[in-house]
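S.K.: structure for this input, please:
(one chain, ligands or ions: 1)
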Amino acid sequence: MGNAAVTFDRYLRYQELTDALHAFNEKYPDFVTLASVGKSYEGRDIWAVTLTNSRSGLPAEKPGMYVDGNIHAGEVTGSMAALHLIDYLLSRYGADEMVTKLLDSRSFYILPRINPDGAELYLTSPAHLRSSVRPFPDFRKYEDPPGLHAEDFDGNGLILSMRIRDDARGAWKVDPEDARLMTERSPLDTAGPFYHIYTEGVLKDAKGEWVEEVLPPFAHVATKYGLDLNRNFPSGFSTQTTGAGPYPLSEPETRCQVEFISQRPNIAGVLLYHTTGGMLFRPHSTIPDKDFAEEDVALYTAIGKLGENATGYPVICCYGDSSSGVLDDWCFDQLGLLAFTPELWDAVGRAAPEMKADFLKSPEKIDRRKLELKLLQWNDRELTGEGFVPWHKVTHPQFGAVEVGGWKVKEYRQNPPRHLLHAECHRMTAFAIGYALALPEVHIDEVKVSPLGENLYSVHAVVSNHGFLSTNITKQAVKQKAVRPDLVRLELPKGMELLNCEHQYEVGHLEGYAAGQKAWFYYVFPPQKGTVRVKWNVRVKGELANPELTVHLLSQRGGSKRAVVLLGDGGLRHEGTDNSAVDTV
Ligand SMILES: [Zn+2]
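M.R.: Below you'll find the model as predicted:
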């Protein structure tokens, strides 16, 4: 099933992605709101899809699930997985119980391509770039950095590797087991041939001109695309982190994300789609787990378990790695949201599943040669050799006779080959659905009016959270004052008044059923504080034109509900979402 608008067997360019989103919007007007939420550095619209059943309430009245993708230029699987989530939810509404419940009770905010400029360059040229196309540091606007510039000088549409024979100084040799693989030369290797290996490219000096006569070895690959948008966020930001940018949120794309999330206080879950590696990263890169509440770390484990089961990819805390200033860190640190950064596509896991665990634990300790041999065997076995371009002789404009060859990185190592793309998207959608089902979900379970005496009544309401997570999501959110207490409010018709009580109660944060699972290990089960009963005394004074009383339940992250009760018949008449008071608290 699915929509004809998108087939998940190739990577969409910007215009195709834009058209697909408009097509969803036209086909499902009651479910899809499409908006441009900002402009990229080059002026492309950054699209956001808001997905919910609008007949069951406005997006802001429901707990929100935020999903974005493709902040890194080449991680185009992220865009496709985000589109897959849209397609999956829309095409299964009404036929699939889980999906129907989700679109009735939650809002999805999906931004499939945060970095449309970088992705477009990646998809339409041989260029490999990390993230933004804005030159960084700034002086690179004016001159190319000196050194080797990656370039498809033989014009086959790919930037591969380039090997140059140098029997005296070459650091690499042809692997004895597989001639495609280049292996480190040992000091015991005294007889060549030996090679230098470089990225396919040409040398430029500081003024951007070609250097006529240079002998290798030479400088590292130089790029003017030095920015990494996912190092530009405020939590843990450091200009010492590679690509971080000049200051936090210096870029239009990252500002757009932070504003979008900040302007939607109902967002209760966050997934940020990346590639590659087959793992689910979670915060924090600079703050250790022990500095966060134990309960929050346990919740990360619980939601992470859903992800591990759906994707087969393990959760990895990124503390201590070099990735500070990332968006999931900010979401958790500042907002107390359980943000994950799934790294989709797992060539290593496909080719050498037995090496995957060690590879994730300490990639620097892995036997790289063994792994690369396994990858080549996988290429032969499952990809009919498509993923690797054999070494072949080419004349280089500066170095003369060289050989070019290597992996087609874009669609085999950094992203899945096309025939595996759909499955990769599907497993991520399964995680997103599980996570969205775990969000808090408040209800007014009961409203009762009982007569107390002449013109006197008491009104009882029972409110609760039917979700897994509590309405604050984490202790961190409370500490950062990122989430308001849940409120229950009584609205009286003209001609009625309250007796010795306030019209609204702050009831704290309604716990989800996760709280009831906490003490399992010790066989001690503390009561959940997920259900609250509130009571008002009211008096009729004078003419009562309309005997309707309304109870409002307002939860920032758990949704907003209203229930109407009639003075005469005493019971709950109707429960629905509440748009009257979302922003008036
Ligand atoms: Zn990434």
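S.K.: so for the lengthiest strand in the chain, mean pLDDT?
M.R.: What stands out as the longest strand in the chain, according to DSSP state E, is strand 442-453. For strand 442-453, the mean pLDDT works out to 92.
S.K.: can you tell me how far the residue of the stretch 1-150 of the chain found nearest the ion is from residue 232?
M.R.: Nearest residue of the stretch 1-150 of the chain to the ion, counting by CB to the ion: residue 72, 3.6 Å away. C-beta: built from backbone N, CA, C; applies to glycine. According to CB to CB, to the nearest Å, residue 72 stands 12 Å off from residue 232.
S.K.: pick out whichever of these two has more residues nearby.
M.R.: For residue 72 versus residue 232, neighbours defined as other CB atoms under 10 Å are more numerous around residue 232 (29 against 25).
S.K.: give me the three-state assignment for the residue of the stretch 101-250 of the chain found nearest the ion.
M.R.: Nearest residue of the stretch 101-250 of the chain to the ion: residue 230, at 6.0 Å (CB to the ion). With DSSP: H, G, I helix; E, B strand; the rest coil as the basis, residue 230 sits in helix.
S.K.: in contact with it, which residues?
M.R.: By CB atoms under 8 Å, 6 or more residues apart in numbering, the contact set of residue 230 is 71-72, 131, 274, 323, 325-327.
S.K.: for residue 394, same thing?
M.R.: Counting by CB under 8 Å, 6+ apart, residue 394 touches 153-154, 401-404.
S.K.: narrow those to those that are buried.
M.R.: For these, a burial check counting by 16 or more other CB atoms under 10 Å picks out 153-154, 402-404.
S.K.: what's the neighbour count on the residue nearest to residue 415 when sequence neighbours are not counted?
M.R.: Using CB to CB, 6 or more residues apart in numbering and skipping the chain neighbours, the partner closest in space to residue 415 is residue 77 (4.7 Å). When counting by other CB under 10 Å, one arrives at 30 neighbours for residue 77.
S.K.: residue 223 too?
M.R.: By the criterion of other CB under 10 Å, residue 223 has 20 neighbours.
S.K.: okay, it: pLDDT?
M.R.: Looking at residue 223, the pLDDT reads 83.
S.K.: pLDDT below threshold where in the chain?
M.R.: 1-4, 139-144, 206-220, 518-528, 569-574, 578-585 (pLDDT under 70).
S.K.: which parts of stretch 84-91 are buried?
M.R.: Using 16+ other CB under 10 Å as the test for burial, stretch 84-91 gives 84-91.
S.K.: from those residues, which is closest to residue 145?
M.R.: Each of the buried residues of stretch 84-91 was scored against residue 145 by CB to CB, and residue 84 proved nearest at 38.1 Å.
S.K.: for the residue lying closest to that closest one once chain neighbours are set aside, which three-state class applies?
M.R.: Residue nearest to residue 84 in three dimensions, not counting chain neighbours: residue 425, with 3.6 Å by CB to CB, 6+ apart. Using three-state DSSP, the structure places residue 425 in helix.
S.K.: any idea how far residue 425 lies from the ion?
M.R.: As judged by CB to the ion, to the nearest Å, residue 425 and the ion stand 16 Å apart.
S.K.: contacting residues for that residue?
M.R.: 8, 77, 80-81, 83-84.
S.K.: picking up where we left off before, can you spell out which helices and strands pack onto the longest strand of the chain?
M.R.: Judged by 3 or more CB pairs under 8 Å, 6 or more residues apart in numbering; DSSP states H and E, strand 442-453 is in contact with strand 456-465, strand 548-555, strand 559-566, strand 572-577.
S.K.: switch the cut-off to 10 Å
M.R.: strand 456-465, strand 487-491, strand 531-540, strand 548-555, strand 559-566, strand 572-577 (3 or more CB pairs under 10 Å, 6 or more residues apart in numbering; DSSP states H and E).
S.K.: what packs against the second one?
M.R.: In terms of contacts (3+ CB pairs under 10 Å, 6+ apart), strand 487-491 is packed against strand 442-453, strand 456-465, strand 504-506, strand 531-540, strand 548-555, strand 559-566.
S.K.: for whatever helix or strand comes next after it, buried residues please.
M.R.: Following strand 487-491 in sequence order, the next helix or strand is strand 496-498 (DSSP states H and E). Residues of strand 496-498 classed as buried by neighbour count (16+ other CB under 10 Å): residue 496.
S.K.: ranges for the strands of the stretch 101-250 of the chain?
M.R.: 107-111, 147-150, 161-165, 172-174, 182-184, 195-199, 201-204, 221-222 (DSSP state E, counting those that start in this stretch).
S.K.: which one of these is the most hemmed in?
M.R.: strand 107-111 (a mean of 25; mean count of other CB atoms under 10 Å).
S.K.: list the contacts for the residue lying farthest from the centre of the chain?
M.R.: Relative to the centre of the chain, the most outlying C-alpha is that of residue 454, 58.4 Å out, by CA atoms, centre = their mean. By CB atoms under 10 Å, 6 or more residues apart in numbering, the contact set of residue 454 is 539-540.
S.K.: which bits of the stretch 51-200 of the chain sit near the ion?
M.R.: By CB under 5 Å from the ion, the residues of the stretch 51-200 of the chain that approach the ion are 72, 75.
S.K.: helix/strand/coil for the closest residue to the ion within the stretch 151-300 of the chain?
M.R.: Proximity of the stretch 151-300 of the chain to the ion (CB to the ion) peaks at residue 274, 3.4 Å away. Reducing the assignment at residue 274 to three states with three-state DSSP gives strand.
S.K.: give me the neighbour count for it.
M.R.: Other residues within reach of residue 274, judged by other CB under 10 Å, total 24.
S.K.: what sits closest to residue 462 if chain neighbours are left out?
M.R.: Ranked by CB to CB, 6+ apart and with sequence neighbours excluded, the top spatial neighbour of residue 462 is residue 446, at 4.1 Å.
S.K.: from residue 509, how far out is residue 532?
M.R.: Applying CB to CB, the value for residue 532 to residue 509 is 10 Å.
S.K.: between these two, what contacts are shared?
M.R.: Residues touching both residue 532 and residue 509 (CB under 10 Å, 6+ apart): 465, 486.
S.K.: those two: who's more crowded?
M.R.: Looking at residue 532 and residue 509 with other CB under 10 Å, you find the greater number of neighbours at residue 509, namely 25 against 17.
S.K.: can you tell me how far the spatially closest residue to residue 265 that is not a sequence neighbour sits from residue 442?
M.R.: Leaving aside its sequence neighbours, residue 265 sits nearest to residue 556 (CB to CB, 6+ apart; 5.2 Å). From residue 556 over to residue 442 the distance is 10 Å, taken as CB to CB.
S.K.: please apply the same query to residue 146.
M.R.: Distance of residue 146 to residue 442, given as CB to CB: 60 Å.
S.K.: okay, the two: which has more neighbours?
M.R.: Ranked by neighbour count (other CB under 10 Å), residue 146 and residue 442 place residue 442 first, with 26 against 17.
S.K.: which ones are touching that one?
M.R.: Shown in contact with residue 442 (CB under 10 Å, 6+ apart): 63, 463-467, 471, 486, 488, 507, 510, 512, 530, 553-555, 557-561.
S.K.: chain neighbours aside, what residue packs nearest to it?
M.R.: residue 558 (4.0 Å).
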